[in-house]
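**Student:** Generate a structure from the sequence data that follows.
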Amino acid sequence: MQDHVDKLLLQWQEHRPDLDCSPMGVIGRMYRGHKIMTEQINQVFKKFGLIQVEFDILASLRRSGEPLTPTQLYHTVMLTSGAMTTRLDKLEQRGFIYRQPSDNDRRSCTVSLTESGQALIDQAVTAHVANEHRMLAVLDKDEQTELANLLRKFLLAHESNLK
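**Tutor:** Alright, predicted model coming up:
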């Protein structure tokens, strides 16, 4: 059985037999996998009225177990400070977070989940994890572990290139 990437590799082999296109087998599949996963993940977030970055902000607050500053949040979700402010404004207007001004610095604050924000992220992350289990069900536990280890190795070698 052939996937889309196999077909592309065969075409390259036919028209450029001098070129070793084997990296396309890995990179092409990672790219297509990312597209597939992103679509399926975003479908779950949409059910909760969230987009990816909003989920990431709420999830960061939930798993931290304590209030975070906007700076800590934008480093966690890789947004600019201006984009973070906009997202926090929207989440605050929807009643999912609140900002507590700092006692020491008028320009600073911490961000916390409201009760409704915590309830929303608890439901959304439960559905998200179930969706991830469903997507990975094609692989047994050993294969999932092997894939995670290989991807970790790849990321450790390349993550410093992220901007």
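**Student:** From the contact counts, what lies against the longest helix that the chain contains?
**Tutor:** The helix spanning the most residues in the chain, taking DSSP state H as the definition, is helix 22-47. Packing partners of helix 22-47 (3 or more Cβ pairs under 8 Å, 6 or more residues apart in numbering; DSSP states H and E): helix 4-15, helix 52-64, helix 115-136. To be clear about C-beta, it is placed using only N, CA and C from the backbone, and glycine gets the same treatment.
**Student:** buried ones in that helix?
**Tutor:** Across helix 22-47, burial judged by 16 or more other Cβ atoms under 10 Å covers Gly28, Ile41, Val44, Phe45.
**Student:** just stretch 131-139 next, same as before
**Tutor:** For stretch 131-139, a neighbour-count test (16+ other Cβ under 10 Å) marks Asn131 as buried.
**Student:** what's that stretch in contact with?
**Tutor:** Met37, Gln40, Ile41, Val44, Gln144, Leu147 (Cβ atoms under 8 Å, 6 or more residues apart in numbering).
**Student:** and the helix or strand of the chain with the lowest mean pLDDT, how far out from the chain's middle?
**Tutor:** Lowest on mean pLDDT, DSSP states H and E among the helices and strands of the chain sits helix 70-77, with a mean of 87. Mean C-alpha position of helix 70-77 versus that of the full chain (Cα atoms, centre = their mean, to the nearest Å) differs by 14 Å.
**Student:** just stretch 156-163 next, same as before
**Tutor:** 16 Å.
**Student:** before we move on, what about stretch 15-23?
**Tutor:** Using Cα atoms, centre = their mean, the offset of stretch 15-23 from its chain centre is 33 Å.
**Student:** and it, which residues are buried?
**Tutor:** So for stretch 15-23, counting by 16+ other Cβ under 10 Å, buried means Cys21.
**Student:** now do the same end-to-end measure for it.
**Tutor:** 17 Å (Cα to Cα, to the nearest Å).
**Student:** Can you give the contact residues for it?
**Tutor:** Leu9, Trp12, Gln13.
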